[in-house]
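Colleague: Sequence plus the predicted model coming up.
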Amino acid sequence: MAKYRAQIGDRQFKVEVNGKDGRAMIDGKLASVDSAWLAGSDHNLSLVLDNRSFDLRIEEHDDHLEVIHAGRRVACTIIDEHLADLQKLAGLQEKPKGKTIVKSPMPGLIVKVLVGIGDTVAKGDRLLVVEAMKMENEVKAPVAGRVTKIHAAKGDAVTAGKELVTIQ
């Protein structure tokens, strides 16, 4: 059973999906689920949830999805529960002498370094891209500041918790 954490608008959910039998647990409540991408589209989804039908349009953005239903647009993020736990651990940056050390949220390969030493970054700016399990995951600045050290380079293999960038 795959476990996810979802945020839709300002509401958060824990979702467990069993792809074999069309059942899911949403915040501990059993639900029947069926879905299919409409022919010729990778953005239009037909979803049946507990015998209620929804026609959805899914738009991908850098850090979230937008789900459009009946003309209403809602921001949505969905993350694997294990990855969410790793990201939470990586968020426990050390802060000696006003420094923030950004760590890798997962093991993987550095495929892009988007900042240089001396660059000024805002909270949420993209710093690096880590490829894990054939998916690219952006590592973003948790604080605003100046990049004082880069601990990894393109092509480096990193472990979860490996120091990547220092921001002061």
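Modeller: Noted; the coordinates are in hand. Residues are numbered from 1 along each chain as shown.
Colleague: Buried by neighbour count: which residues of stretch 108-119 qualify?
Modeller: 108, 110, 113, 115, 119 (16 or more other Cβ atoms under 10 Å). The way it works is simple: take the backbone N, C-alpha and C, and place the C-beta from them, glycine included.
Colleague: Could you check how many residues crowd around the residue lying closest to residue 120 once chain neighbours are set aside?
Modeller: Distances taken as Cβ to Cβ, 6 or more residues apart in numbering place residue 146 nearest to residue 120, at 5.3 Å, with adjacent residues excluded. For residue 146, the neighbour count with other Cβ atoms under 10 Å is 13.
Colleague: what lines up beside the one helix or strand residue 146 maps to in the sheet?
Modeller: Here residue 146 sits within strand 145-150, counting by DSSP states H and E. In the sheet, strand 145-150 lines up against strand 120-121 (antiparallel), strand 163-167 (antiparallel) (DSSP bridges).
Colleague: thought the residue nearest to residue 120 was touching residue 125?
Modeller: No - with contact defined as Cβ atoms under 8 Å, residue 146 does not count as touching residue 125 (11.7 Å).
Colleague: May I have the distance across stretch 119-132, first residue to last?
Modeller: 26 Å (Cα to Cα, to the nearest Å).
Colleague: any idea how far that stretch is from the chain center?
Modeller: 13 Å (Cα atoms, centre = their mean, to the nearest Å).
Colleague: Okay, buried residues for the strand holding residue 146 please.
Modeller: 145, 147, 150.
Colleague: still on that earlier bit, pipe the buried residues of stretch 108-119 into CSV and attach secondary structure per row.
Modeller: Formatted as CSV, these follow (DSSP: H, G, I helix; E, B strand; the rest coil):
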residue, secondary structure
108, strand
110, strand
113, strand
115, coil
119, coil
